[in-house]
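>>> how would this look folded up:
(chains A, B and C)
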Amino acid sequence: MTYEFYFGDIWKARWLLLDGTLTTLRLSALCMVLSLALAVPAAVARIAGPGWLRGTIYAYVEYVRNTPFLVQIFLVYFGLGMAGIRLNPNGAALIAMTANGAAYTIEIVRAGIVGVDRGQWEAGRVLGLSPVQIYSSIVLPQALKIIYWPLASQFILIMLASSAVSVIATTELSSITYDISTQTFRAFEAYLVTTGIYFALSVAFSAVFSLIFWALFMRRRPA
Amino acid sequence: MDTPVLEMRQVAKRFGAFQALANVDLKVGRGERVIVCGPSGSGKSTLIRCIVGLEQHEHGTILFDGAPIDLRSRTSPIRSGQIGMVFQQFNLFPHLTVLQNCTIAPIKVRGSTRAEAERKARDLLARVGIEDQADKFPGQLSGGQQQRVAIARALCMQPRALLFDEPTSALDPEMVQEVLNVMVSLARDGMTMICVTHEMGFAREVADRIVFMDRGEIVEVAPPAAFFAAPKNERTRAFLSRIL
Amino acid sequence: MRALNFGDVVFLAKGALWTLALFFVSLVGGSVIGIALALMRTSPWRPLRWFALGYFRLIQGTPVLMQIFLIYFGTALLGFEFGALLSAGLALSINAGAFLGEIWASSIDSVGKGQSEAARVLGLRYGTTMWHIVIPQAMRVATPPTVGFLVQLVKGTAMASFVGFVELTRASQMINNATFQPFVIFGGVSLLYFAICWPLSLLSSRLEARLAKAYTR
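Okay, the predicted model is just below:
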């Protein structure tokens, strides 16, 4: 059988697609910032906090990493509703993405901190620095370089995984594409275009992360 | 003169802008022992790696028993294991026992039976003095023992010529001699050898000729007595004064 | 709205079996694709290496959800009656192939160049060298990340619910629509996934620790 591709209807919906793309970008960027902001203190607590806190963070991280994101989305979406918190789907999506992303980020940051040589700690100690000072000015800056690329790929994964939040009728790229596909009956074409957009986004993210890496670590040249 | 076992005619090789070999001519006759020395980056390892086909030379011809080596042919001396090689880093297979290291090529390439290959391997392991380690893994042996296994592994293919690429450079000083002793005994038995090494005592003892290389060229070729007593070339003199 | 009953539990159990079926289909398909790509990526022939790299970047740079939709609608356009299990299985295989292929290619690369050089000088052919020398050593390195990826694959099967395949997640969604007890249903289902994935995660990190120890010794 022959099938004739027709992208005319998709082209008519181009502004909708752009809107969806921007929403995906916004959700992903916010999720990255929030995940990192939550993960750094949580990772320190996971290493140096009291026993009950270490255990709780460990359990949370393992739970999130070993259950499907899609099920987590349902839990957050319905959970918020039952707790009486009324949020639009995009807000619920951001919370689900952050709950998920933070867990992975905690694990990456933790591994980075543990990866900094013990001698650095001991050197800081004998110089009379406080634990907070050692963390903030010796360990974390070095950990940042170790965790940079794992973190960058994690953020790209979050952006790609955000397509799953379309299940709660958000207005990001995948939801918009679903709407377009049902209205135009050109599902294959719609998803083909959107797949291309996602690919362009991940290429762009990689480029931006490379630029940031250069700005952070390469311009000045400490060893 | 007989046909040389190995002959290089105008062999040249570059890595990008770096000239690793520049029009090298070299003949090695049957039973001859040739020592190659020179400063690092002089092309001595590249010379050996071109002969066994680990690097492809861009110009010139390499002949084995008077016939050009064709790397694509299954009967080429390299792909059939007729030219053996011993590496600086041993390159033993860590997941195979010493005995299996020695028998895998005879079984897979030559089609020997396992019993035949193992009998032969044990003989050769005895010859390099480690028959009692046959069932251990390489990681359980000292560096000197590992290099002796590597020599036995190469010998199991009954090579017509054996090439050594700095075989003692990765060894702790106290283990160098045990490996050199094995190589001396091979030389005495008439094995055709090309050996890249800085062990000048060894060179003096076994070499028929010493080849000095610098910047990809063969600068000087001489028998050991003449090479050490009266080097002709200025670059050779400078090199010898630094290492002796 | 109705109460949860025993029939719902049976329905969920059936969904869980379909999740496992989809997992195995994708694992087999992904392994076949992954092996081929790993060999291409490490082959001496440059166009093959580039093809494999392009495949890795393209598949890893797009959402698995889009891949599922494209295969689902694409096979229909081509006139195949694939159904949800086969098309989801194919999409997840294509996806898993990219990740497994890259894991295995880098494991093959981790076996030093000296190993294949030594094999070549002994006269061993490409196939023998790969099978007897390189792959046995690469497998030790590959096992922990491969087991780790199985967790991703189990979780990834949930995405098949988007094309109406009634696996565990889709089944729980349907029951929730009828009974509206999201915490019990999704909480319970997530624990079911956890029971499958967590042991694999633990095994993976234990294997990794053992490997790290073996290398420092």
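>>> Show me where chain A has its helices.
Along chain A, counting by DSSP state H, helices occupy A:8-12, A:14-48, A:51-65, A:69-82, A:89-115, A:118-126, A:131-134, A:140-161, A:173-184, A:187-213.
>>> do the same with chain B
B:44-51, B:98-108, B:114-127, B:143-155, B:173-188, B:200-206, B:224-229, B:234-243.
>>> looking at those helices, which is closest to chain A?
helix B:143-155 (28.5 Å; CB to the nearest CB). Backbone N, C-alpha and C define where each C-beta goes, glycine included.
>>> returning to what we had before: how about the helices of chain B in TSV, adding mean neighbour count?
What follows is the helices of chain B, written out as TSV (neighbours: other CB atoms under 10 Å in any protein chain shown):
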stretch	mean neighbour count
helix B:44-51	24
helix B:98-108	23
helix B:114-127	17
helix B:143-155	25
helix B:173-188	17
helix B:200-206	17
helix B:224-229	15
helix B:234-243	13
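>>> quick one: which of these is nearest C:Leu122?
Nearest of the helices of chain B to C:Leu122, taken as CB to CB: helix B:98-108 at 3.8 Å.
>>> Just the C-alphas of the closest one, formatted as CSV.
Coordinates of each C-alpha in helix B:98-108 appear next as CSV, following Å, rounded to 0.1, in the frame of the first residue of the first chain:
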residue,chain,number,x,y,z
VAL,B,98,49.5,-19.7,31.3
LEU,B,99,49.0,-23.0,29.5
GLN,B,100,45.9,-21.7,27.6
ASN,B,101,47.8,-18.5,26.6
CYS,B,102,50.3,-20.8,25.0
THR,B,103,47.9,-23.2,23.3
ILE,B,104,45.1,-20.9,22.0
ALA,B,105,47.0,-20.0,18.8
PRO,B,106,48.3,-23.4,17.9
ILE,B,107,44.8,-24.8,18.3
LYS,B,108,42.9,-22.1,16.6
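>>> Turn the helices of chain B into TSV, columns for mean pLDDT and distance to B:Gln10.
Converted to TSV, the helices of chain B look like this (pLDDT from 0 to 100; distance: least, CB to CB, whole Å):
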stretch	mean pLDDT	distance to B:Gln10
helix B:44-51	92	12
helix B:98-108	92	32
helix B:114-127	95	36
helix B:143-155	95	28
helix B:173-188	93	29
helix B:200-206	91	26
helix B:224-229	90	24
helix B:234-243	89	21
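>>> Distance to chain C added to those helices, as TSV?
Shown next, in TSV, are those (distance: least, CB to the nearest CB, whole Å):
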stretch	distance to chain C
helix B:44-51	8
helix B:98-108	4
helix B:114-127	12
helix B:143-155	7
helix B:173-188	17
helix B:200-206	22
helix B:224-229	28
helix B:234-243	26
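>>> among those helices, which is nearest C:Phe162?
The nearest among these, by CB to CB, is helix B:98-108 at 49.7 Å.
>>> Tell me the residues of chain C that contact chain A?
Contact residues (CB under 8 Å from any CB of the partner chain) of chain C with chain A: C:58, C:61-67, C:69-70, C:73-74, C:77-79, C:151, C:155-159, C:161-162, C:169, C:172-173, C:176, C:182-183, C:186-187, C:189-190, C:193-194, C:197-198, C:201.
>>> at 6 Å instead, please
Residues of chain C found near chain A (CB under 6 Å from any CB of the partner chain) are C:61-63, C:65-66, C:69-70, C:73-74, C:77, C:79, C:155, C:158, C:169, C:182, C:186, C:189-190, C:193-194, C:197-198, C:201.
>>> could I get the helices of chain A as CSV with distance to C:Ala13 and mean neighbour count?
Shown next, in CSV, are these (distance: least, CB to CB, whole Å; neighbours: other CB atoms under 10 Å in any protein chain shown):
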stretch, distance to C:Ala13, mean neighbour count
helix A:8-12, 41, 13
helix A:14-48, 34, 18
helix A:51-65, 22, 15
helix A:69-82, 16, 20
helix A:89-115, 27, 22
helix A:118-126, 49, 12
helix A:131-134, 51, 13
helix A:140-161, 27, 19
helix A:173-184, 30, 20
helix A:187-213, 32, 18
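>>> Using CSV, write out every CA atom in stretch B:132-149.
What follows is stretch B:132-149 as a C-alpha-only set of coordinates in CSV (Å, rounded to 0.1, in the frame of the first residue of the first chain):
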residue,chain,number,x,y,z
ASP,B,132,55.4,-25.3,37.4
GLN,B,133,53.3,-22.2,36.8
ALA,B,134,51.4,-23.6,33.8
ASP,B,135,48.0,-23.7,35.5
LYS,B,136,48.1,-20.2,37.1
PHE,B,137,46.7,-17.0,35.7
PRO,B,138,49.1,-14.3,34.4
GLY,B,139,48.0,-12.0,37.2
GLN,B,140,49.5,-14.4,39.8
LEU,B,141,53.0,-14.2,38.3
SER,B,142,55.8,-11.7,38.6
GLY,B,143,56.6,-9.4,35.7
GLY,B,144,59.7,-11.4,34.8
GLN,B,145,57.7,-14.6,34.8
GLN,B,146,54.9,-13.0,32.7
GLN,B,147,57.4,-11.9,30.1
ARG,B,148,58.9,-15.4,29.9
VAL,B,149,55.4,-16.8,29.4
